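Trainee: Model the structure of this input:
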Amino acid sequence: MTESRVAELGNGFLQVKIPLPFSLKWVNSYIVPEQDGVTVIDPGLRTAEAESAWSEAMAGCGLTYKSIRRIIVTHQHPDHYGLAGLLQEKSGADVYLTRRAHAYTRKLWGGESLYPAELRELFLAHGMPEELMGAIELNLASFVARVSPQPKVQYLEAGGVIELGGEIWQLIDAPGHAFGALCFYQEEKQWMICGDQVLPRITPNISVVPGEERDPLQAFILSLKELREYPVKLALPGHRDPFADFQKRIDELLAHHERRLTAMTAELEEGPLSAFELCEKQFGAHLRSNPHNLRFAMSETLAHLFHLAIREEVTEMRRADGLTLYQQVNAL
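Mentor: Residues are numbered from 1 along each chain as shown. Just a heads-up that it's a prediction; the model follows:
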């Protein structure tokens, strides 16, 4: 076991850094001691390197896969959910997530998924060049193997409670980054397991997903304002390291999105633009060579534009050829 792979957090909790094959570098899994074994939170993406990391970490902690009694997924994104099925096979453990999160996994990776076609239609209508969509669709298809086998699941529900490590934790709905996501709060210790809802030093991606809510950014903003009311001494995020300044970080995230909204509106001062044109102005044309990051950037651009349209700060215009453009309201 490499020293940097596993960190002790107190109360027997362990942070395990499971490697990722993209810029986030690792996802945080957490091992929680129970009377008859351990609970694993967010096992990571299925890759050969991640499987090796789990074997190494388990051996270094004096555990076997049969020590895992329960697997909890904070939200359904593949870097958190992908290894749940394999760890279930190895351990026999139950897997828990919300019903909404589970529906997303079936929508994206079910046998007859319509998601790639729906995303293609959305992106092309907002200016994405056809030749870039092919690479994005190939990248999407690559994730099927990285979430297989998919687990048999049981459901958690926001508003309820769960026992972790001998203590009672509140289950808090955390929409916006992923609808169906949960944060877990322990009132006496003032610990918050926050998944990707509040991250230190990096901003959670807010994406429009075809067939889901039109304004995920508003849902995210309201969720952050709710979470800010919880006194938190230690936040356990899905990426980077646990941190203490929870309320300050929420304020930074809220300010970040207001700055982005302002910047995008300013980009429209000289005339209408498509979402793809705005995406490249905000994130850079270099993302054309990185379909994974381009998909996130385009989806986040749409989330901000949809939010601005709902706030009536920009307006949508559909051209005769089907392309949607955005324009400042005061420029009409």
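Trainee: drop to CA atoms for contacts and neighbour counts, all remaining ones
Mentor: OK.
Trainee: Report pLDDT for residue 332.
Mentor: Residue-level confidence at residue 332 comes out at 53, pLDDT.
Trainee: helices or strands up against the longest strand seen in the chain?
Mentor: Ranked by residue count and defined by DSSP state E, the top strand of the chain is strand 26-34. With contacts defined as 3 or more Cα pairs under 8 Å, 6 or more residues apart in numbering; DSSP states H and E, strand 26-34 has these neighbours: strand 13-19, strand 37-41.
Trainee: neighbouring contacts of it?
Mentor: 12-20, 38-44, 79-80, 164-166, 237-240 (Cα atoms under 8 Å, 6 or more residues apart in numbering).
Trainee: Only the buried subset of those, as a ChimeraX command please.
Mentor: Buried subset of the contacts of strand 26-34, written as a ChimeraX selection, criterion 16 or more other Cα atoms under 10 Å:
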select :13,14,15,16,17,18,19,20,38,39,40,41,42,43,44,79,80,165,237,238,239,240
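Trainee: Chain neighbours aside, what residue packs nearest to residue 319?
Mentor: residue 325 (7.6 Å; Cα to Cα, 6 or more residues apart in numbering).
Trainee: After the longest helix along the chain, which helix or strand is next?
Mentor: Ranked by residue count and defined by DSSP state H, the top helix of the chain is helix 246-267. Remark: after helix 246-267, the chain's next helix or strand is helix 275-283, criterion DSSP states H and E.
Trainee: Mean confidence (pLDDT) on that next one, please.
Mentor: Average pLDDT, helix 275-283: 97.
Trainee: do stretch 141-159 as well
Mentor: Mean predicted lDDT for stretch 141-159 stands at 97.
Trainee: cool, stretch 206-221 as well?
Mentor: 97.
Trainee: Now tell me what touches the longest helix of the chain from outside.
Mentor: Taking Cα under 8 Å, 6+ apart as the rule, helix 246-267 contacts 198-200, 203, 221, 224-225, 228, 232-235, 278, 282, 304-305, 308, 313-314, 328.
Trainee: quick one: which of those sit in strands?
Mentor: 234, 235, 314, 328.
Trainee: Closest one of these to residue 182?
Mentor: The nearest member of these to residue 182, counting by Cα to Cα, is residue 235 at 13.6 Å.
Trainee: Around the spatially closest residue to the closest one that is not a sequence neighbour, count how many other residues there are.
Mentor: Once flanking residues are discounted, residue 235 sits nearest to residue 192: 4.7 Å by Cα to Cα, 6+ apart. By other Cα atoms under 10 Å, 27 other residues sit near residue 192.
Trainee: can you tell me how far residue 192 sits from residue 304?
Mentor: Applying Cα to Cα, to the nearest Å, the value for residue 192 to residue 304 is 27 Å.
Trainee: Am I right that residue 113 is in contact with residue 107?
Mentor: Yes - counting by Cα atoms under 8 Å, residue 113 does reach residue 107; the two are 5.8 Å apart.
Trainee: hmm, which of the contacts of helix 246-267 are the buried ones?
Mentor: 198-200, 203, 221, 224, 228, 232, 234-235, 278, 282, 304-305, 308, 313-314, 328.
Trainee: gap between the two ends of stretch 274-289?
Mentor: Its first and final residues considered, stretch 274-289 spans 20 Å by Cα to Cα.
Trainee: So which bits of that stretch are buried?
Mentor: Across stretch 274-289, burial judged by 16+ other Cα under 10 Å covers 274, 275, 276, 277, 278, 279, 280, 282, 288.
Trainee: Looks like residue 17 contacts residue 5 (just checking).
Mentor: Yes - with contact defined as Cα under 8 Å, residue 17 counts as touching residue 5 (5.2 Å).
Trainee: quick one: the helices in the stretch 51-200 of the chain?
Mentor: 78-81, 84-91, 99-109, 115-125, 130-146 (DSSP state H, counting those that start in this stretch).
Trainee: before we move on, the earlier item: tell me the angle the longest strand of the chain makes with strand 13-19.
Mentor: 150 degrees (axes from the mean of the first three to the mean of the last three Cα atoms, to 10 degrees).
Trainee: avg pLDDT for strand 26-34?
Mentor: For strand 26-34, mean pLDDT rounds to 98.
Trainee: Can you point out the buried residues in that strand?
Mentor: Within strand 26-34, the residues scored as buried using 16+ other Cα under 10 Å are 26, 27, 28, 29, 30, 31, 32, 33, 34.
Trainee: Residue 211: neighbour count?
Mentor: Neighbour tally, residue 211, other Cα under 10 Å: 10.
Trainee: tell me the SS of it?
Mentor: Per DSSP: H, G, I helix; E, B strand; the rest coil, the secondary structure class of residue 211 is coil.
Trainee: tell me the phi and psi of it?
Mentor: Backbone torsions of residue 211, given as degrees, to the nearest 10, read phi 90, psi -10.
Trainee: In contact with it, which residues are there?
Mentor: Counted by Cα under 8 Å, 6+ apart, residue 211 has zero contacts.
Trainee: again, but for the one 5 residues further on
Mentor: For residue 216, the contacting residues are 175, 176, 177, 206, 207, 208, 303, by Cα under 8 Å, 6+ apart.
Trainee: now do residue 170
Mentor: 159, 160, 161, 162, 184, 185, 186, 187.
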